[in-house]
Each structure stands twice: as C-alpha cells, then as structure tokens.
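Undergrad: Please work out how this folds:
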Amino acid sequence: MKYTILFLLAFVTYTAAYSADSLQVNLNTTAFLKGDTIEFKCSIPGFGAKKLSSATLNVWIEDIARNKRWKFRYPMLNGEVSASLAVDDKIADGKYAVNFLVQPGFFKVLGEVLDHDKKDTTINFMMIPRNKKASYFDNTRVAPDGSFRLKSTLFEDSAFFIFSPIKKIKNNALLIRIETPLDSFFTPALTATHFITVGTNNPAVAVPITDTNSYAFDPNQEPEEKGLLPGVTVYSKIKKKIEQFDDENSRGLFKREDAIIFDGLDNEEIARSVSVFQFLQGKVAGLNIDTDSAGMQYAKWRNETAEVYVDEFKMEPGDHLFVVPNDIAMIKVYRPPAQLSSFSGGAGAIAIYTKKGKYADTKARHNFIVKGYTAMDSIWE
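TA: A predicted model of the protein is given here:
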C-alpha cells in the first residue's frame, strides 16, 4: 500500500525562524487570535547523514499556566514537513509552549502472539483507517517467540486493526499484545521549543523566543492539569457500567439519544451468541437479517442495507465477523432514517463497541484502535 502526501504552505506577514539541535522551525507568527491558523514548517539540515530521511515530527503544545498538553504528529519526508493548526474557540487565552520533537522512522506496530504455537508462522491482519471506505488486508510473519512486526505505514487520525489466524476456526482464539514505539517513552533525536500567545489584541506582537527560564519540558512526564476548585463536593446519580462506557467511548453522531443500546458488560447474552446479527435477530422491530448466496449476512430495514461500525470505524460487509462476541462491550442500533455517514442514505446503522481499557477482560486481545498521524490541515481544540 502506498500513500502520497502533497502539501503547500504559504507564509504571510511575519515569519520567525529558529534552530535548536539542528531542527529548523518556521512559524508564520507567534501571536494568534482564536480562529487564526498556526502554520509551521520544520526541516532537518543534513537529514541523510543523521539517518533521518524518514522521521516523525511530534508537536506538543502546552498551556504553561494550566499544565495542559495537546499532542499532534506528522510524517517527515526527506527531513521536511509543513502543516497547519487552526486555533479553536475553546482554546483559552494565554501563553503556550510549542514543543517540536523528532523521532527516527515512521509509524509501526510491534506485537506478540501469546501462547504462540510455533507451527503457526503467519497471522492475518486487517487495517481499517477511520473515515476511509477501503480496508487493507495482509499477513505478517510470526517469529518462533511469538513476536511480529507490521510494515511501516502512513495513515491519518487512527485505524482499527484486527488480527486473525490463517486457518479459519469457530472463534478467534488469538491473544495478542501490541505496542507502537511512537507512543512509548522516547528520547527525541532533535528538539526545539518556542512560545506563542493566544488571545492577544495585537497579533503582530511577537512573543520573546528566549523566555525559557521558568519552563521545563519533559516528553516522558505528563503535566498535572491545574485549575480545579478545591473543597467542592459534587453529588450525582451513580451511572451503570454500560452508561459510563457509552459516555467515554461514543462521540459525535454516535451519541444520538435515540439509539437502542444492548449491554455486553453486565449481560452475557451477546458473549454467548454466534454473531452480532444472530444476537440482534428478532430483538429490533423492523430489522431483518438476510443471507446471500455466498453465505454473507446483511442487516436490512425495508430492503436497505444498514451500515455497520466497529468502534466507530466503518466496516465492509462481513468485516464485523472478525470481532468475537465475547469481546463486545456494547451494541448500539440506530433506526432509519438515522445517518451516521454521507454514504448511508439514511438506512440506519449498527455500531459495535469492543471492550477496552478498564472494561477489558485482559490486556491481550485481537483487535485494537491505533492512533496514526495528524492531518496536515487540522484543528487545535
């Protein structure tokens, strides 16, 4: 799979260029109003000699007064990248440190198959990028100790990875642990820190770049957020586990209040089912499960095929079968004319959410959401 990224950045009115540890950073200005766009270009002189022909730029913005951090990352091709961040209205007025950190290499996934059978030298995996219609299916070699490594790849936002055995079995028995080195503790190869302000009445006034005396940045230490009021007691109704899961994992249009929710955390009926569609059969009025000549099942309302999502990633027909019912935390059903994407035509949708974090039965599983790269034109919010 090959991705080509094209970008063009025009600097206007004011350009500040700084260099630290041989990382050159150009900003369009250092004072911004809400709604403005931060435009930056980073380059590495002599990137070949530094073995940084392919690298990842992390841009971590910190609210100095409130100890709050935002993280973005971009692929550097031939030692260079240009991108922009629009300043959202929710960003508080104040002074911010913008930290630029370079890591060698592009994004990659490392993993381990637990209880690995040495006779199985290969496993399948499917990658489904968020907001993309096409999924990518491939396999990777597994070492005798169970370890494996996926090819480096570029994708925006995040992607849903599903691993499965080469030989088809009734249930996906793989227990897998993965890690992404870009998200692990690391020592940057190159760094640069600069300061900006948000909310100043005079965008042409630059922030002193040398003002670093009171600011210390540690990439491996998350800041403790300030600003909470002490001595305030809040009383609220204790939510059920499934309600807490829904609050923490549903976003955007998936938060629709008209969704029918089925609990897979405290109720074992989903886990005991053969498939999601078999579980839903007869439980939702008007929802029909049809099977085509190839044995593929479809959920339909009035002969219109409903969309299926797993962890809010759009699935192609049959892809949801890679998810084992025992791994399902919640199913949300949206009746027509619910439309969760521009491609659905209002035919309704089924959203499957897998167990994760504190809701997971084990840290080893076979499906994961993995964070990728930030879009070249994105929003700081």
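Undergrad: which stretches of the stretch 151-300 of the chain form helices?
TA: Assigned by DSSP state H, counting those that start in this stretch, the stretch 151-300 of the chain shows helices spanning 241-249, 276-280.
Undergrad: then the last one to PDB, C-alphas only?
TA: Read that as helix 276-280. In PDB, the C-alpha atoms belonging to helix 276-280 read as follows (Å, rounded to 0.1, in the frame of the first residue of the first chain):
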ATOM      1  CA  VAL A 276     -23.800 -10.000  16.300                       C
ATOM      2  CA  PHE A 277     -26.500 -10.500  13.700                       C
ATOM      3  CA  GLN A 278     -27.600 -13.700  15.300                       C
ATOM      4  CA  PHE A 279     -27.900 -11.800  18.600                       C
ATOM      5  CA  LEU A 280     -29.900  -9.000  17.100                       C
END
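Undergrad: contact partners of that helix?
TA: 262, 269-270, 273, 287, 289, 297, 299, 320, 323, 325, 328, 331, 333, 350, 352 (C-beta atoms under 8 Å, 6 or more residues apart in numbering). Every C-beta, even on glycine, is put in place using the N, C-alpha and C of the backbone.
Undergrad: Quick check: bridge partners of the nearest residue to residue 135 once chain neighbours are set aside?
TA: Once flanking residues are discounted, residue 135 sits nearest to residue 128: 4.4 Å by C-beta to C-beta, 6 or more residues apart in numbering. Beta bridges link residue 128 to residue 160, judged by DSSP bridges.
Undergrad: ok, residue 128 touching residue 322?
TA: No. With contact defined as C-beta atoms under 8 Å, residue 128 and residue 322 do not form a contacting pair (9.9 Å).
Undergrad: any idea how the chain splits into domains?
TA: Taking automatic domain parsing as the criterion, the chain consists of the domains 16-106+187-228, 110-184, 241-361.
Undergrad: Quick one, which of the ones you listed gets closest to residue 378.
TA: domain 16-106+187-228 (5.7 Å; C-beta to C-beta).
Undergrad: Just put the helices of the stretch 151-300 of the chain in TSV and tack on mean pLDDT and mean neighbour count.
TA: Listed next are the helices of the stretch 151-300 of the chain as TSV, based on pLDDT from 0 to 100; neighbours: other C-beta atoms under 10 Å:
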stretch	mean pLDDT	mean neighbour count
helix 241-249	92	16
helix 276-280	89	19
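Undergrad: Figure out which of these is closest to residue 37.
TA: helix 241-249 (30.6 Å).
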